[in-house]
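Undergrad: Dropping a prediction and its sequence here:
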Amino acid sequence: MRIDSSNYESGNKGMAAVLLLYYHLTNSGGFTGDETVYIDPEVFDGYSFLEVEVTEGYEVDIDQTLLRQGAIIYLLCDLNDMVGEFEGNFQSQDLTRRIINAYKHCELTEIPEIDGLLRLFGVGEEEFDFEEYQVILHKIFKLYVVGVFSDLVKKIKP
């Protein structure tokens, strides 16, 4: 997706969706499940914003990095739901496979820590390291969700 004058509103709505998602994640203290229920999939589905490009001149109002990282966080919420709800067979779920496929096609590069997280999915559910998975998820939460709010606060002039 390319954000320009023809779909500027999509960029604004996408940013609003990401910030709403981040609010619910922060309010819950991390990835706990069902955070994406607050986001209208017609406005922001994650996949559409993975490789979003903001046209020059619009990057002052629309944050390309926020949208790309927010798309990955959105997908991690869904992935975490699959891991939690289908503990014995989460790897065979369509949504899990779709997210891992997006990773394999290099669409999740905006958050480098995703490499370590999704590498954990290279084994079956019996050998899956749930502890390490939670550690990496929490690190991503702190760096990219809490980090956004911290960076915004730092921009406030005294």
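TA: Received the coordinates, thanks. Residues are numbered from 1 along each chain as shown.
Undergrad: which residues touch the closest residue to I136 other than its chain neighbours?
TA: Spatial nearest neighbour of I136, excluding adjacent residues (Cβ to Cβ, 6 or more residues apart in numbering): L117 at 4.4 Å. No exception for glycine: its C-beta is placed from N, CA and C like everyone else's. Residues near L117 by Cβ atoms under 8 Å, 6 or more residues apart in numbering: 76, 133, 136-137, 140.
Undergrad: mind running it again at 7 Å?
TA: Going by Cβ atoms under 7 Å, 6 or more residues apart in numbering, L117 touches 133, 136-137.
Undergrad: which residues sit in contact with the residue nearest the centre of the chain?
TA: Of all residues in the chain, the one closest to the mean position by Cα atoms, centre = their mean is I73, 1.3 Å from it. For I73, the contact set (Cβ under 7 Å, 6+ apart) comprises 21, 144-145.
Undergrad: The residue nearest to I136 should be in a helix, yeah?
TA: Yes - L117 forms part of a helix when assessed by DSSP: H, G, I helix; E, B strand; the rest coil.
Undergrad: Model confidence for it, exactly?
TA: For L117, the pLDDT comes out at 94.
Undergrad: Could you check how far it is from K154?
TA: L117 is 27 Å from K154, where distance means Cβ to Cβ, to the nearest Å.
Undergrad: got the residue ranges for the strands in the chain?
TA: Ranges of strands in the chain, per DSSP state E, are 2-3, 53-54.
Undergrad: Which of those strands has the lowest mean pLDDT?
TA: Among those, strand 2-3 scores lowest, with a mean of 90.
Undergrad: packing partners for that strand?
TA: Applying 3 or more Cβ pairs under 7 Å, 6 or more residues apart in numbering; DSSP states H and E, one finds that strand 2-3 makes contact with strand 53-54.
Undergrad: Other residues contacting the strand it packs on?
TA: Contacts for strand 53-54 (Cβ under 7 Å, 6+ apart): 2-3, 11, 62, 64.
Undergrad: Now tabulate those in TSV and tack on distance to I100 and neighbour count.
TA: Output for the contacts of strand 53-54, formatted as TSV (distance: Cβ to Cβ, whole Å; neighbours: other Cβ atoms under 10 Å):
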residue	distance to I100	neighbour count
R2	26	12
I3	27	24
G11	27	24
I62	28	19
Q64	24	18
